[in-house]
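Colleague: take a look and give me a structure for this.
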Amino acid sequence: MRSFLLVFLMFMSSLAYSQNIKRKTPEWLLNAVFYQIYPQSFYDTNGDGIGDLPGITAKMDYIQSLGVSAIWINPFFVSPFHDAGYDVADYYKVAPRYGTNDDFRLLCAAAKKRGIRVIFDLVAGHTSWDNPWFIESARAEKNKYSDWYIWTDNVWTEKNNVIRGLYPRFGGYLPNFFPSQPALNYGYAKPDPNQPWQLSPTDQGPMAVRAELRKIIQFWFDLGADGFRADMALSLVKDDTYGDYTSIIWQDIRKWIESDYPDHVMIGEGGKPAISIKKAGFHIDFTLPWNMPAYNSLFRKSFPNEGGENYGVDPYGFSVFDKLGHGNILEFLDEFTKHYNETRDYGFISIVEGNHDLHPRISYDRTDNEVLQVFLFTMTMPGVPFIYYGDEIGIKSENGLPGKEGSYDRSNIRTPMQWDNTMINAGFSSAAKEKLYLPINTDENRPAVATEEKDPASLLNQTKKLIQLKRVLKALEADASWKVLYAERGKMPLIYERSKNNQTLIIAINPTSQNVEASIKVENMNSRPSTIWGQDKVFNKKGDLWSVTLAPASGGIYEIIK
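Modeller: Sure thing, here's the model as predicted:
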């Protein structure tokens, strides 16, 4: 009865928090651009073939040159690397292959010196089976960690994906992803009274795990981190259909951060903005295809994966950002608009152009100009954009690679950064080729930072310009108003308006290989807008309307002159 009462009181507190309090957002997020770094593939300083934290520090001038405001680093903790570090064996120590805790501290200091913030990847829902907590939990004897993981009370009971028969404990454990990733125990939203091993979120074990989670966050904040990105953020409490009880956990952390670290940020791998932003209290929610299906309609719906099957949700569909122009932009906009309207007063949605899970890379079957239209979209839509390392120079997916540390068909998007066109591993590492974490593109014409930095028209330099505009234009800030001016099924262009502080911008995008034209009506636009970036002279007056004409793979940012 006491446990039920505690859960009820926590739930009512959560409801009041969600309905009555609008989030306080760190000011720097309004014009932020994040750069994601997969540490083992970024830059290797010690010649072992694997990127490391000193490598990120060594390339901080390059990161600064991009104009980004923050970097997000994938897990760098001690791990057996059955899932590329998302199986954590020690949350308080940098894996030796990446360096030391002091290397992380120095990295943060180097970033702050350049006005760049550092976000670490928080694996909150599970650990490695090599984690000492789990090893203790798996013992037959009752101990401090027995209830830190989800174990059945009978080894002979078959239930769902429970793993049995590997440990002395008389029961089986529940994994979150691979068997090597046992789920931490945050309790069940509605524990089954016939399954006494299903604990309430307020039982001693789940509460101890919550306390440890906060301790981990504080440890890395005190070493210099400016926030975290929570992996599988909404998966903590089991059978929590609407995220009510998982949200209580994150709300508690959000309140603490606002009190003790008010300039730090919480980013959730959620894909359910109404839950992760409005209910749980994350500053930013990612758009992800497994939780927001309409996301797939943007960039990867019509692209095959290595197995020959379509990557997207519709095997006969077309991506919106596709040469043919047959994609349905309304499929995305209808869902996005709903989420945007629900959450715009509480936090921000991030439309991710790519990351370590989304394959193929954004450059797949696209020219540089076509990739630029993707960046034009992600930099000018409401919310906070993220760039995946290497996409700014157009690194290609390397198909046919073997799986590496649980990557399987995702290896093709996790290959090393291409710094120059020397034949010594593209400047990534001095190691022998066979020791590299993953193979590097051997094409002598492969894209590389050193080459593109010298070309003003390169994808890299044009992307830098878009990042700079995102950072300086008030009407492109995350909370600026947004209104669609033209969007039709199976047609292009896409045209929308952003406005803030007496600045109004029009963004027009044509990702197709054809000339396109549309007519729009814009209030208070009495003369042709000025071109800030992109194709010039695209607007022509036609009665009460303006016609917009865009060449293939082109677009622009235009300011209304008042």
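
Colleague: C-alpha from now on. contacts and neighbour counts both.
Modeller: Fine.

Colleague: worst mean pLDDT across the helices and strands of the protein, which element?
Modeller: helix 2-20 (a mean of 51; mean pLDDT, DSSP states H and E).

Colleague: which SSE is immediately downstream of that one?
Modeller: The C-terminal neighbour of helix 2-20 among helices and strands, as given by DSSP states H and E, is strand 34-37.

Colleague: next SSE downstream of that next one?
Modeller: helix 53-58.

Colleague: who's in contact with that next one?
Modeller: Identification of contacts with helix 53-58 by Cα atoms under 8 Å, 6 or more residues apart in numbering yields 39, 42-45, 98-99, 103-104, 106-107, 110-111.

Colleague: ditto for stretch 33-40
Modeller: Residues outside stretch 33-40 that contact it (Cα under 8 Å, 6+ apart) are 50-53, 56, 68-74, 76, 98, 355-356, 384-389, 414, 416, 437, 467, 470-471.

Colleague: what does stretch 289-300 give?
Modeller: 270-272, 287-288, 311-313, 318-322, 327-329, 331-332, 335, 353, 359-360, 362.

Colleague: just the CA atoms of that stretch, as PDB, please.
Modeller: Presented in PDB, the C-alpha positions along stretch 289-300 are these (Å, rounded to 0.1, in the frame of the first residue of the first chain):
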ATOM      1  CA  PRO A 289      12.600   6.500 -37.600                       C
ATOM      2  CA  TRP A 290      11.700   3.800 -35.000                       C
ATOM      3  CA  ASN A 291       9.600   6.200 -33.000                       C
ATOM      4  CA  MET A 292       8.600   8.800 -35.600                       C
ATOM      5  CA  PRO A 293       8.000   6.800 -38.800                       C
ATOM      6  CA  ALA A 294       7.400  10.000 -40.900                       C
ATOM      7  CA  TYR A 295      11.000  10.900 -40.400                       C
ATOM      8  CA  ASN A 296      12.000   8.200 -42.900                       C
ATOM      9  CA  SER A 297      10.000  10.000 -45.600                       C
ATOM     10  CA  LEU A 298      12.600  12.800 -45.600                       C
ATOM     11  CA  PHE A 299      16.000  11.400 -46.600                       C
ATOM     12  CA  ARG A 300      16.200   7.600 -46.700                       C
END
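
Colleague: now do the buried residues in that stretch.
Modeller: 289, 292-300 (16 or more other Cα atoms under 10 Å).

Colleague: what do you get for stretch 92-99?
Modeller: So, applying 16+ other Cα under 10 Å, buried residues of stretch 92-99: 93-95, 97-99.

Colleague: so for it, what's the average pLDDT?
Modeller: Averaged across stretch 92-99, the pLDDT comes to 98.

Colleague: closest one of the buried residues of stretch 289-300 to residue 516?
Modeller: Nearest to residue 516, judged by Cα to Cα, of the buried residues of stretch 289-300 is residue 298 at 18.4 Å.

Colleague: ramachandran coordinates for that closest one?
Modeller: When read as degrees, to the nearest 10, the backbone of residue 298 gives phi -80, psi -60.

Colleague: make residue 1 into 780 and carry on from there
Modeller: With 780 as the first residue, the last one maps to residue 1077.

Colleague: how near is it to residue 1157?
Modeller: Separation of residue 1077 from residue 1157 (Cα to Cα, to the nearest Å): 11 Å.

Colleague: likewise for residue 838?
Modeller: Applying Cα to Cα to residue 838 and residue 1157 gives a distance of 24 Å.

Colleague: which one's more surrounded, those two?
Modeller: residue 1157 (21 against 13; other Cα atoms under 10 Å).

Colleague: give me the low-pLDDT residue ranges for the stretch 980-1129 of the chain?
Modeller: 1081-1096 (pLDDT under 70).

Colleague: can you rerun that using 90?
Modeller: 1049-1050, 1065-1075, 1079-1097, 1103-1105 (pLDDT under 90).

Colleague: would you state the helices of it in chain order?
Modeller: 983-1002, 1023-1039, 1052, 1075-1078, 1108-1122 (DSSP state H, counting those that start in this stretch).

Colleague: next one: the first one to chain centre, how far?
Modeller: Distance of helix 983-1002 from its chain centroid, counting by Cα atoms, centre = their mean, to the nearest Å, is 22 Å.

Colleague: with the third one instead?
Modeller: For helix 1052, the distance from its own C-alpha centre to the chain's C-alpha centre is 13 Å (Cα atoms, centre = their mean).

Colleague: just checking, next helix/strand downstream of the helix or strand harbouring residue 872?
Modeller: Using DSSP H and E, the element containing residue 872 is strand 869-873. Per DSSP H and E, the first helix or strand lying C-terminal to strand 869-873 is helix 880-892.

Colleague: just want the angle from that following helix to helix 983-1002.
Modeller: 60 degrees (axes from the mean of the first three to the mean of the last three Cα atoms, to 10 degrees).

Colleague: helix 880-892 to strand 869-873, inter-axis angle?
Modeller: Computed by the same axes, to 10 degrees, the angle between helix 880-892 and strand 869-873 is 70 degrees.

Colleague: other residues contacting the following helix or strand past helix 880-892?
Modeller: Sequence-wise, the next helix or strand downstream of helix 880-892 (DSSP H and E) is strand 896-902. With contacts defined as Cα under 8 Å, 6+ apart, strand 896-902 is touched by 848-854, 865-867, 887, 890, 996, 1003-1011.

Colleague: swap the cut-off to 6 Å and go again
Modeller: 849-854, 1004-1010 (Cα atoms under 6 Å, 6 or more residues apart in numbering).

Colleague: how about stretch 1239-1256?
Modeller: 809-810, 845, 1159, 1171-1172, 1277-1279, 1282.

Colleague: hmm, back to that, nearest to residue 1177 among the contacts of strand 896-902?
Modeller: residue 853 (20.2 Å).

Colleague: count of neighbours near the nearest residue to residue 1004 once chain neighbours are set aside?
Modeller: Nearest residue to residue 1004, sequence neighbours excluded (Cα to Cα, 6 or more residues apart in numbering): residue 897, at 5.3 Å. By other Cα under 10 Å, the residues close to residue 897 number 24.

Colleague: most packed of the helices of the stretch 980-1129 of the chain?
Modeller: helix 1052 (a mean of 32; mean count of other Cα atoms under 10 Å).

Colleague: what's that helix packed up against?
Modeller: Based on contacts counted as 3 or more Cα pairs under 6 Å, 6 or more residues apart in numbering; DSSP states H and E, there is no element that helix 1052 packs against.

Colleague: walk me through the domains of this structure.
Modeller: If you go by automatic domain parsing, the domain ranges for the chain are 780-809+963-1065, 905-961, 1257-1338.

Colleague: nearest to residue 1206 among those would be which one?
Modeller: Per Cα to Cα, nearest to residue 1206 of the domains of the chain: domain 780-809+963-1065, 27.8 Å.

Colleague: how far is that closest one from where the chain is centred?
Modeller: So, by Cα atoms, centre = their mean, the centroid of domain 780-809+963-1065 is 18 Å from its chain's centroid.
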